[in-house]
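Visitor: sequence-free structure coming up:
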């Protein structure tokens, strides 16, 4: 998928999420999970610690801070 198509899809999913569509939010999380894991690794410099962080975030609530911030930012940026 080309960059422009991915960007448009992300923006559409953000708009749907802002309207309360949790399925759209779940799709955003799935699309961005690799980038989040990469960022967790950059912060921890440890594969296991990064995976633990991701598991805790997933099971401790589906990224509530990022979901709330969608209303303020209107979009997610790479390298959260």
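Guide: Arrived safely, thanks for sending. If you're wondering where the values come from, they're calculated on a predicted model, not measured in any experiment.

Visitor: pretty sure residue 50 sits against residue 34.
Guide: No. Using C-beta atoms under 8 Å, residue 50 makes no contact with residue 34, being 11.6 Å away. (C-beta placed from N, C-alpha, C; glycine too.)

Visitor: which of these two has more neighbours?
Guide: residue 50 (19 against 9; other C-beta atoms under 10 Å).

Visitor: so how many other residues sit close to residue 17?
Guide: Quick note: residue 17 (other C-beta under 10 Å) scores 21 neighbours.

Visitor: could you list the low-confidence segments of the chain?
Guide: 1, 57-80 (pLDDT under 70).

Visitor: what's the helix or strand for residue 28?
Guide: Element membership of residue 28 [criterion: DSSP states H and E] is helix 22-44.

Visitor: and the next helix or strand past that helix?
Guide: helix 47-59.

Visitor: residues in contact with that following helix?
Guide: 33, 36-37, 40-41, 43-44, 63 (C-beta atoms under 8 Å, 6 or more residues apart in numbering).

Visitor: just put those residues in TSV and tack on distance to residue 5 and neighbour count.
Guide: As requested, these are arranged in TSV below (distance: C-beta to C-beta, whole Å; neighbours: other C-beta atoms under 10 Å):
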residue	distance to residue 5	neighbour count
33	19	14
36	21	20
37	23	15
40	27	19
41	27	16
43	30	11
44	32	14
63	24	20
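
Visitor: now render the residues you listed as JSON lines, adding distance to residue 56.
Guide: Formatted as JSON lines, those follow (distance: C-beta to C-beta, whole Å):
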{"residue": "33", "distance to residue 56": "14"}
{"residue": "36", "distance to residue 56": "12"}
{"residue": "37", "distance to residue 56": "13"}
{"residue": "40", "distance to residue 56": "10"}
{"residue": "41", "distance to residue 56": "15"}
{"residue": "43", "distance to residue 56": "13"}
{"residue": "44", "distance to residue 56": "12"}
{"residue": "63", "distance to residue 56": "11"}
